[in-house]
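> take a look and give me a structure for this.
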Amino acid sequence: MPARDALEACQRNRASRILEFSDVSTLQGPPTITATVDQIAWPGFLDLVASPLGAAGLSAALGSPVVLVDLSGPAASAGAEPVAAAVAGLPVVVVGVGRDGLDGLPAEVTGLLDLVVADPGPVVAVVEAAPQAAVTLAMTLRASPALGVPAGLAAESAAYSMLQAGPEFARWRAATPQPAPSPEPEPGPPVVAERAGACLQITLNRPGRHNAVNAALRDRLVEALLVACADPTIERVVLAGAGPSFCSGGDLAEFGTRPDPATAHLVRLTRSPARLLAELGPRLEVRLHGACIGAGIEMAAFAGRVVAHPEAVISLPEVGLGLIPGAGGTVSLPRRIGRHRTAELALTGRPIDAATAHRWGLVDAIEP
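Next comes the predicted model:
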């Protein structure tokens with residue numbers, strides 16, 4: 001079938017689905033995934049998005065949460081600019097499929113894509129398993145570069161809270177045994193801060209839980225960071241973790257325990273380590289080791305210098321839980337590695353090692 005005929009057939013198919021689901025407000029629960037769009041060549045993608053009918057059919061609410069764009073042919077920047085605004089608001093994940101990834105692609109082309117991979121299979125699997133979280137992540141990352149840190153954190157937190165009330169997170173909670181809080185008291189304070197001259201050493205101190213972030217750790221960390229931000233005589237701040245890991249992310253025992261997502265959103269903005277870490281910026285060094293999962297890498301990426309142990313392992317698993325990064329990751333990671341790499345890390349579901357993180361620019365040095 002010629003490319004133009006294939007495109008028109010695709011648009012007719014979309015038109016039938018748009019009419020079938022014309023009142024999306026009547027949909028009960030998450031939409032059923034009806035079809036993943038076949039790979040569309042770059043010119044066909046531009047034509048599809050430029051068409052009001054074509055663009056209207058690109059939606060996770062209509063059962064197609066991902067679009068695959070074949071980049072094996074020439075991906076010229078001509079024609080990209082007129083559709084950029086439309087693509088920014090598409091409620092789908094736009095995946096470029098190309099053997100060389102981002103290398104050599106013009107900025108006008110990458111600006112229309114959420115990520116570029118050689119094998120789209122793992123991404124498609126993650127997106128189709130949690131389409132609401134995946135699409136929300138993609139749209140949040142698209143908006144992040146235009147926002148400052150405080151506004152970006154507010155947007156991330158609002159999206160995170162919305163997903164906390166959604167069916168994908170509820171499904172994950174129902175299927176995942178929640179660890180019971182330990183009956184034994186913590187062996188010490190959840191965060192230890194020690195000053196030596198002009199240097200403040202802050203240590204996450206829940207080694208038995210791999211320094212998982214609970215409310216107590218978060219609040220003590222905020223207190224230590226406030227001191228550092230308020231005292232100009234503190235010229236250097238070093239953040240590390242006690243025990244086998246720097247930080248294994250949010251404490252699953254407290255996931256979703258706030259009375260409601262709106263309250264959780266306001267608390268998250270009020271007691272925000274991310275905002276203070278970003279404020280410290282060049283004064284801050286973070287030392288990673290062991291598991292650096294979710295919040296463990298999201299907070300670290302705000303630092304002016306990030307040093308990783310050779311055996312550190314980094315991942316963003318939140319989409320698999322029906323969520324997006326909620327500790328600042330949609331703000332901090334794109335500023336280090338770009339939104340496309342951030343999306344790749346979150347939407348493939350695969351961890352990366354210290355060497356890969358160093359190659360990407362997520363860490364600045366690898367030291368034993």
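> strands along the stretch 251-368 of the chain, start to end?
Along the stretch 251-368 of the chain, counting by DSSP state E, counting those that start in this stretch, strands occupy 284-288, 291-293, 305-308, 313-315, 352-353, 365-366.
> please identify the deepest-packed of those strands.
Neighbour counts (mean count of other Cβ atoms under 10 Å) averaged over each of the strands of the stretch 251-368 of the chain peak at strand 291-293, with a mean of 27. For the C-beta atoms, the positions are set from N, CA and C on the backbone; glycine is no exception.
> ok, which of the strands of the stretch 251-368 of the chain comes nearest Asn211?
Closest approach to Asn211 among the strands of the stretch 251-368 of the chain (Cβ to Cβ): strand 291-293, 8.8 Å.
> can you tell me the element the residue lying closest to Ala130 once chain neighbours are set aside falls in?
Excluding its sequence neighbours, the residue lying closest to Ala130 (Cβ to Cβ, 6 or more residues apart in numbering) is Glu168, at 4.8 Å. Element membership of Glu168, judged by DSSP states H and E, is helix 167-175.
> hmm, Glu128 and the residue nearest to Ala130 touching each other?
No. Here Glu168 lies out of contact with Glu128, judged by Cβ atoms under 8 Å, at a distance of 11.5 Å.
> break the protein down into its structural domains.
3-129, 149-180+188-366 (automatic domain parsing).
> pLDDT weak spots in the stretch 151-300 of the chain?
Residue ranges of the stretch 151-300 of the chain with pLDDT under 70: 181-184, 256-257.
> so where do the helices sit in it?
In the stretch 151-300 of the chain, the segments counted as helices under DSSP state H, counting those that start in this stretch are 167-175, 215-230, 261-270, 273-280, 295-298.
> make a markdown table out of those helices and add distance to Gly111 and mean neighbour count.
Below are the helices of the stretch 151-300 of the chain laid out as a markdown table (distance: least, Cβ to Cβ, whole Å; neighbours: other Cβ atoms under 10 Å):
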| stretch | distance to Gly111 | mean neighbour count |
| --- | --- | --- |
| helix 167-175 | 28 | 15 |
| helix 215-230 | 34 | 18 |
| helix 261-270 | 29 | 16 |
| helix 273-280 | 25 | 22 |
| helix 295-298 | 24 | 30 |
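> looking at the chain, which helix is longest?
helix 329-348 (DSSP state H).
> can you name every helix or strand that that one contacts?
strand 115-117, helix 121-129, helix 131-143, helix 149-164, helix 273-280, helix 295-298, helix 354-360 (3 or more Cβ pairs under 8 Å, 6 or more residues apart in numbering; DSSP states H and E).
> so for Cys247, which of those sits nearest?
Per Cβ to Cβ, nearest to Cys247 of those: helix 295-298, 3.2 Å.
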